[in-house]
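# fold the following and give me the result.
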Amino acid sequence: MIPKTFKEVIDLGDGREISIETGKLAKQAHGSVVVQSGKCMLLCTVVSNYKQSDVDFLPLTVDYREKFAAAGRYPGGFFKREARPSDGEVLTMRLVDRVLRPLFPKDYHAETQVMIQLMSHDENVMPDAMAGLAASAAIQLSDFPFECAISEARVGRVNGEFVINPTREQLKESDIDMMIGASADSVMMVEGEMDEISEEEMTEAIKFAHEAIKVQCAAQIKLAEAFGKKEVREYEPEREDEDLAKKIHDLTYDKVYAVAKAGSAKHERSAAFDAIKEEIKATFSEEELEDFGDLVTKYFYKAEKAAVRDLTLNDGLRLDGRKTDEIRPIWCEVDYLPSVHGSSIFTRGETQALATVTLGTSREANQIDMPSYEGEETFYLHYNFPPFSTGEARPIRGTSRREVGHGNLAQRALKGMIPEDCPYTVRVVSEVLESNGSSSMATVCSGTMALMDAGVQLKKPVSGIAMGLISDADSGKYAVLSDILGDEDHLGDMDFKVTGTADGITACQMDIKVKGLSYEILVKALMQAKDGRLHILKHLTDTIESPRADVKSYAPKIVTKIIPGEYIGAVIGSGGKVIQELQKETNTTIVINEDPDTEEGIVEILGTGQEGIDAVIAKIDALMFKPEVGSVYEVKVIKMLDFGAVVEYVEAPGNEVLLHVSELAWERTENVSDVVNMGDVFDVKYFGLDPRTRKEKVSRKALLPKPEGYVERPPRNDRGGDRRGGDRRGGNRDRKPRRD
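Predicted coordinates for the structure are as follows:
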């Protein structure tokens, strides 16, 4: 029996559409949909346990995977099976998670899993732009307690026109690549990169994407109604005690307010807050704490949050004593590490990042192998966040999703400033050594200085800042905070990271925790962020004004040389013999790639010594040397033979040719050594291939004046005589006439 299916179609304009279908696949999941655009198909399933987990948070897992079969390909590696998620898949998981998580009730703690799988790939459709739509549509068909439908859309701008969900080819021409996550009435998430656009342009792009998202949210609701919207499940809510909450608030609020207003450092402040908490707990008996101690802790943190927020809204002060638009003290240093190609330290308040730069050839490019995209990155950034940076001890189990996401944001912030003609593969690594407030923005700043210290000719320096927001819907008060602390991120309503040059925004990441953020507040946050960015940028340029003119003496220099495709084999040699010996002799690294468009060879020569690089170039020039007929070349005798001398072109060492004894001089030459000797240097004229011998012919005598009375002898034949029967000695013997 064919199952009944339900389907809704969303028109994207210009002939493109997205369909959402349910009822055919994965019917035992609590909600499942297939989202399709062109030949691209995503299957999304959602499941949530009916029993609450014994934790005080939502154990939500968002998993996005791309199946290689979707693109008709095999997974790489020895085991032909999809393994751990790629960075690209992790980034898509984060994009979806950040929008979904705030919309579940705070007291909903059931294990919940959202699985999104790319089942069919279309090279003209970027699947990550539909992942949020698929997740929300599946949840709308379930009985989960979930606030409202959401969706995500990518926005680009091609030739001045905004485009929803552009193709990868369109993105190459776009100066904006942003993902927007929103409900019908609120923008909740923004992430992307830009080509130095203005704050007003960014706002317009967000508005444009939001209009498309409203249509996608309406389609989900319509599909759920047609399918039959389920009743929201009942679950056991957290215990609440209003009287206890009021008691804790009254005991806590003023004390926390006073500590917060004192403007102390992180560890001092934390110790003071902990002391207040212990003092409050001491007012309860052991039996009471055993019975509702979790509520005491919960209500303490609630009162603490209220006090800190009110301090900012009422007094315009923050936990560390700063004003709302004030940036923490900054100090910077470059060239800190003596052996690396480039390094810098950026410290802002209690946040510190140490960045290193390594320069290499195209062989060190970061290879990307996903079903939806294959390529390589010649600039990439890795971000490490060890537990000691926050004064903690915890297990290290590989690179976290957070580290992947923060590193990607910093990479997108900087990559547009790497010049197109940069010959190196550039790797930046940020080691976060202290963290209290955006370490990703510290990474951007330290990365900028390290790149300039390494001699990478950045187009412009880039700085970054994290903005926050504290707002009160009842009073209408709000405060936009520059350079937020970790506590302000946790207690506030927005985390908005913005990077850029003096001329515009290069990347952003925004998470909003409140509904209905007005565009007025968004624009204020962007303009305040601009002031902060420029303030930080001045500290960077005061430390290192511009990129170093050249790489450091111990760093590798790289020279790129283009050669005709026909010479690639000669440079490599049989079995790689020529290139391997050349690398060994010159202490260099040589990489040869073929340009598929021109079929030319791109030779990269990497070495710390200019002498070795020059030797490689000379050898390549020699291998490609092709003398022109009629031209004169300087040669050197490198071997003496009975019938001539082997000479080497001075301008192309290694290129040899035979100078025959008959071409040494106009006079008859009995011994080669009578005319030339080993090491002699002189000029010869090149005649090309001798039509008789099919060998290259050069002549010394052609450049000498003929002796007076000289008579041209006939050319010799293959048997040593001339073509009229002359013997090898050149004499013409009389012959008897042949009888008929």
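# secondary structure class for Glu196?
Using DSSP: H, G, I helix; E, B strand; the rest coil, the structure places Glu196 in strand.
# just the helices in the stretch 101-250 of the chain please.
With DSSP state H, counting those that start in this stretch as the criterion, the stretch 101-250 of the chain has helices at 131-140, 168-173, 199-227, 242-262.
# ok, residues contacting the shortest one?
Same thing as helix 168-173. Applying Cβ atoms under 8 Å, 6 or more residues apart in numbering, the external contacts of helix 168-173 come out as Glu123, Asn124, Met126, Gly156, Val158, Asn159, Val163, Asp177, Tyr373. Yep, even glycine has a C-beta here, placed from its N, CA and C like the rest.
# ok, and the closest non-adjacent residue to the second one?
By that I understand Asn124. Among residues not flanking Asn124 along the chain, Thr167 sits closest, at 4.8 Å (Cβ to Cβ, 6 or more residues apart in numbering).
# just to check, the one you found is in contact with Pro127?
No - using Cβ atoms under 8 Å, Thr167 makes no contact with Pro127, being 11.9 Å away.
# the two: who's more crowded?
When neighbours are counted by other Cβ atoms under 10 Å, Thr167 and Pro127 differ, and Pro127 comes out ahead with 27 against 17.
# what's across from the nearest residue to the more buried one once chain neighbours are set aside in the sheet?
Distance criterion Cβ to Cβ, 6+ apart; nearest residue to Pro127, sequence neighbours excluded, is Leu118 at 5.1 Å. Beta bridges link Leu118 to Leu42, Glu66, judged by DSSP bridges.
# ok, Leu118 - how many residues close by?
26.
# pull up the per-residue confidence for it.
In this model, Leu118 is scored at 97, pLDDT.
# tell me the contacts of it?
Per Cβ under 8 Å, 6+ apart, neighbours of Leu118: Cys40, Met41, Leu42, Arg65, Glu66, Lys67, Ala70, Pro127, Pro371, Ser372.
# can you give me the buried ones in the strand or helix carrying Ala622?
Secondary structure from DSSP states H and E places Ala622 in helix 610-624. For helix 610-624, a neighbour-count test (16 or more other Cβ atoms under 10 Å) marks Gly612, Ile613, Ala615, Val616, Lys619, Ile620, Asp621, Leu623, Met624 as buried.
# from the chain's centroid, how far away is it?
Relative to its parent chain, helix 610-624 has a centroid offset of 33 Å by Cα atoms, centre = their mean, to the nearest Å.
# next: stretch 261-275.
Relative to the centre of its chain, stretch 261-275 is centred 38 Å away, using Cα atoms, centre = their mean.
# cool, and stretch 533-553?
Relative to its chain's centre, stretch 533-553 lies at 22 Å (Cα atoms, centre = their mean).
# cool, stretch 2-13 as well?
Computed by Cα atoms, centre = their mean, the chain-centroid distance of stretch 2-13 equals 36 Å.
# so which residues make contact with that stretch?
For stretch 2-13, using Cβ under 8 Å, 6+ apart, the contacting residues are 17-24, 27, 37, 164-165, 212, 215-216, 219-220, 222-223, 226-227.
# any quick ChimeraX command for the buried ones out of those?
The buried residues among the contacts of stretch 2-13 can be selected in ChimeraX (16+ other Cβ under 10 Å) with this line:
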select :18,19,20,21,22,23,37,164,165,212,215,216,219,220,223,227
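# can you give me the neighbour number for the residue nearest to Asp621 when sequence neighbours are not counted?
Sequence neighbours aside, Ala652 is the residue nearest to Asp621 in space, at 6.5 Å (criterion: Cβ to Cβ, 6+ apart). Ala652 has 19 neighbouring residues, counting by other Cβ under 10 Å.
# can you pull the contacts of Ala652?
Asp621, Ala622, Phe625.
# go through those and say which is closest to Leu534.
Closest approach to Leu534 among those (Cβ to Cβ): Asp621, at 48.8 Å.
# and the closest one, how far is that from Ala570?
Going from Asp621 to Ala570 by Cβ to Cβ, to the nearest Å gives 12 Å.
# mutual contacts of the two, please.
Counting by Cβ under 8 Å, 6+ apart, Asp621 and Ala570 have no contacts in common.
# Leu534 and Val523: what is the separation?
Using Cβ to Cβ, Leu534 is found at 17 Å from Val523.
# repeat that for Val681.
As judged by Cβ to Cβ, Val681 and Val523 stand 75 Å apart.
# run a quick neighbour tally on Val114.
Around Val114 there are 25 other residues, counting by other Cβ under 10 Å.
# shouldn't it be in contact with Ala138?
Yes - if you go by Cβ under 8 Å, Val114 and Ala138 touch, sitting 7.3 Å apart.
# pull up the overlap in contacts between those two.
Cys44, Thr45, Val46.
# CSV please, covering those residues and showing neighbour count and distance to Arg239.
Listed next are the shared contacts of Val114 and Ala138 as CSV, based on neighbours: other Cβ atoms under 10 Å; distance: Cβ to Cβ, whole Å:
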residue, neighbour count, distance to Arg239
Cys44, 29, 34
Thr45, 23, 32
Val46, 28, 28
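# with pLDDT added, can I get the residues you listed in a markdown table?
Output for the shared contacts of Val114 and Ala138, formatted as a markdown table (pLDDT from 0 to 100):
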| residue | pLDDT |
| --- | --- |
| Cys44 | 98 |
| Thr45 | 98 |
| Val46 | 98 |
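# just the residues you listed: which are in strands?
Among the shared contacts of Val114 and Ala138, the members found in strands (DSSP state E) are Cys44, Thr45, Val46.
# what's near enough to touch Lys524?
Residues in contact with Lys524 (Cβ under 8 Å, 6+ apart) are Val480.
# how much space separates it from Met467?
With distances taken as Cβ to Cβ, Lys524 is found 10 Å from Met467.
# got any residues that touch both of those two?
Counting by Cβ under 8 Å, 6+ apart, the common neighbours of Lys524 and Met467 are Val480.
# re earlier: need the helices of the stretch 101-250 of the chain in JSON lines (columns: mean pLDDT and distance to Ala507).
JSON lines is the format used below for the helices of the stretch 101-250 of the chain (pLDDT from 0 to 100; distance: least, Cβ to Cβ, whole Å):
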{"stretch": "helix 131-140", "mean pLDDT": "97", "distance to Ala507": "20"}
{"stretch": "helix 168-173", "mean pLDDT": "93", "distance to Ala507": "15"}
{"stretch": "helix 199-227", "mean pLDDT": "95", "distance to Ala507": "11"}
{"stretch": "helix 242-262", "mean pLDDT": "93", "distance to Ala507": "32"}
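# tell me the most buried of those?
The highest average neighbour count among the helices of the stretch 101-250 of the chain, using mean count of other Cβ atoms under 10 Å, belongs to helix 131-140 at a mean of 29.
# by contact count, what packs against it?
In terms of contacts (3 or more Cβ pairs under 8 Å, 6 or more residues apart in numbering; DSSP states H and E), helix 131-140 is packed against strand 16-22, strand 31-37, strand 40-52, helix 87-100, strand 110-120, strand 150-158, helix 199-227.
# how far does it sit from the chain's center?
Per Cα atoms, centre = their mean, the displacement of helix 131-140 from the mean C-alpha position of its chain is 28 Å.
# against Gly407, how distant is the most centrally placed residue in the chain?
Among the residues of the chain, the one closest to the centroid is Tyr380, at 4.4 Å (Cα atoms, centre = their mean). Remark: distance between Tyr380 and Gly407 (Cβ to Cβ) = 9 Å.
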